[in-house]
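S.K.: Here is a sequence with its predicted model. Questions after.
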Amino acid sequence: MSALQKTTDEIMDLAAAHFKVPRAQLHPDDDFFSRLGINSLQALDLLTRIEQHFKIELPDYELQGVSDFRTLAERIQSRL
Amino acid sequence: MKNFPGKTISWRVADGAIELTLDRAPCNEIGAATLGELEAFVESLESLERDAHALIISSARKEGFCAGADLRELYRESQAIAAPARAAGLRDFLERIHRVMNRIDSSPLTTIAAVHGVTFGGGFELALACDLIIADKTARFCFPELRLGLIPGFGGIPRLKRDLGNAVVRDLLLTGRSINAAKAQAVGLVSQVTAEGESMRVARATAAQLKKFDRGTSIAAKKFIKPIPHEELQQEIEIFCELFERPAVEAGLRKFVESSDALPYLP
């Protein structure tokens, strides 16, 4: 498994647990806003949990235009 | 009034600590109603201070401490009146909120902001008026005003500059990015980080500790170390009013108000 795939999986694990969505329903190319049913405020909450989990700082402007798990994982990878 | 159950805020005194709770959906946006009740609070403060040693400000809203000014109300009202009256109304609002912030800032009580979740704009500025910020790990701090073509208008820049290095102030102000509680503690903004949902408990424990100290000494220490930057606060009002007249602000506010997201807080 590549580092990107591992990061993508970890994000989906986090999101599924926090927003109480069955993990099997999440896929790397999903639009996480619609799949998780979250607004921008909840996306900020997810960002906080991602920063804590990966022990990184990810400025929220880097998430502009990012709506799928795989691209989000790429942004995270660039900070690891 | 020792107890006040308002429409947007409430307060009570418990164990010598005044507990001021923000509670207005969706995330304690500060508009005319909240401002009016905050003014009632600071009017009562002198009498409340006689029997208290601490003030804790927190939020009852799950979403966070406070998302700042009520931009929808600001936009609606700015569209409803002509330019000269609009400018006068804006200045009046800013001067009123500054009086509230200055009164909390200069209170002889030791003041604690117990925050979680969204602590943005005016909410961040309210926390900065307090002596200590205790944040649960979900807290995020942000000055998003530049997105609207504005600067923070409730005293945020002078107070942040008072407390932190100018480079941190520039980072938050000029990028508009939000930082989490751990980062905020690392730069010296937050005094303690707690587990999720624990900031109020820790704030109460901290207030109980403060009670052991001689009040006169605590008051003298605070007065010595926490000057209010009056001149810069006034400059902030002037710059805000000047910027508000620019077309970019109307466009920024319209974009925010017309957003399909119920809570368009992602900078």
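M.R.: Thanks, I have the structure now.
S.K.: Contact residues of chain A facing chain B?
M.R.: A:39-41, A:43-45, A:47-48, A:51-52, A:57, A:59-61, A:63-64 (C-beta under 8 Å from any C-beta of the partner chain). For glycine as for every other residue, the C-beta is placed from the backbone atoms N, C-alpha and C.
S.K.: Give the ChimeraX command for selecting the buried subset of those residues.
M.R.: The ChimeraX selection below is limited to those of the residues of chain A next to chain B classed as buried (16 or more other C-beta atoms under 10 Å in any protein chain shown):
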select /A:39,40,41,43,44,45,47,48,51,59,60,63
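S.K.: Would you check which pair of the residues of chain A next to chain B lies furthest apart?
M.R.: Greatest spatial distance among these (C-beta to C-beta): A:Asn39 and A:Glu57, at 22.9 Å.
S.K.: can you count the residues close to whatever residue of the stretch 101-250 of chain B ends up closest to chain A?
M.R.: Among the residues of the stretch 101-250 of chain B, B:Arg177 lies nearest to chain A; the distance is 4.3 Å by C-beta to the nearest C-beta. By other C-beta atoms under 10 Å in any protein chain shown, 19 other residues sit near B:Arg177.
S.K.: Is it correct that it is in contact with A:Asp60?
M.R.: Yes. Between B:Arg177 and A:Asp60 a contact is recorded at 5.7 Å, counting by C-beta atoms under 8 Å.
S.K.: biggest helix in the chain by residues?
M.R.: Assuming you mean chain A. Selection of the longest helix in chain A by residue count, based on DSSP state H, yields helix A:3-19.
S.K.: Chain B is the one I meant
M.R.: Per DSSP H, chain B has its longest helix at helix B:83-105.
S.K.: From the contact counts, what lies against that one?
M.R.: Secondary-structure packing of helix B:83-105 (3 or more C-beta pairs under 8 Å, 6 or more residues apart in numbering or on different chains; DSSP states H and E): helix B:32-49, helix B:71-80, helix B:122-128, helix B:230-244.
S.K.: Mind telling me which of those the model trusts least?
M.R.: Among the helices and strands packed on helix B:83-105, helix B:71-80 has the lowest mean pLDDT, at a mean of 86.
S.K.: Quick check: buried residues in that helix?
M.R.: B:Leu71, B:Glu73, B:Leu74, B:Tyr75, B:Glu77, B:Ser78.
S.K.: Without its sequence neighbours, what residue ends up closest to the last one?
M.R.: With C-beta to C-beta, 6 or more residues apart in numbering or on different chains as the criterion, B:Ser78 has its nearest non-adjacent residue at 5.3 Å, and that residue is B:Arg86.
S.K.: ok, and what's touching the helix or strand hosting A:Gln42?
M.R.: For A:Gln42, the enclosing helix or strand under DSSP states H and E is helix A:40-54. Residues from elsewhere that reach helix A:40-54, judged by C-beta atoms under 8 Å, 6 or more residues apart in numbering or on different chains: A:7, A:10-11, A:14-15, A:18-19, A:32-33, A:36, A:38, A:56-58, A:60, A:63, A:72, A:76, A:79-80, B:27, B:63-64, B:117-118, B:137-138, B:140, B:178, B:180-182, B:261, B:263-266.
S.K.: Can you flag the buried ones in those residues?
M.R.: Using 16+ other C-beta under 10 Å, the buried ones in the contacts of helix A:40-54 are A:7, A:10-11, A:14-15, A:19, A:32, A:36, A:38, A:58, A:60, A:63, A:72, A:76, B:27, B:63-64, B:117-118, B:137-138, B:140, B:178, B:180-182, B:263-266.
S.K.: quick one: which of those sit in helices?
M.R.: A:Thr7, A:Glu10, A:Ile11, A:Leu14, A:Ala15, A:Phe19, A:Phe32, A:Leu36, A:Leu72, A:Ile76, B:Ala181, B:Ala182.
S.K.: ok, so of those residues, who is nearest B:Gly123?
M.R.: B:Ala181 (14.1 Å).
S.K.: re earlier: burial of the residue nearest to B:Ser78, as a residue count?
M.R.: 16.
S.K.: again, but for the one 10 residues further on
M.R.: Here the number of neighbours of B:Arg96 (other C-beta under 10 Å) works out to 15.
S.K.: Equivalent analysis for B:Gly89, please.
M.R.: Count around B:Gly89 with other C-beta under 10 Å applied: 15.
S.K.: Could you tell me how far it is located from B:Ile81?
M.R.: Distance of B:Gly89 to B:Ile81, computed by C-beta to C-beta, to the nearest Å: 7 Å.
S.K.: just B:Asp23 next, same as before
M.R.: For B:Asp23 relative to B:Ile81 (C-beta to C-beta), the value is 29 Å.
S.K.: Which one of these two is surrounded by more residues?
M.R.: Higher neighbour count among B:Asp23 and B:Ile81: B:Asp23, with 16 against 12, using other C-beta under 10 Å.
S.K.: Quick check: chain neighbours aside, which residue is closest to that one?
M.R.: B:Ala60 (4.0 Å).
S.K.: Of all residues in chain A, which one is nearest the centre?
M.R.: A:Ile11 (4.4 Å; C-alpha atoms, centre = their mean).
S.K.: Next one: it from B:Gly153, what distance?
M.R.: 36 Å.
S.K.: Give the helix, strand or coil label for A:Pro28.
M.R.: coil (DSSP: H, G, I helix; E, B strand; the rest coil).
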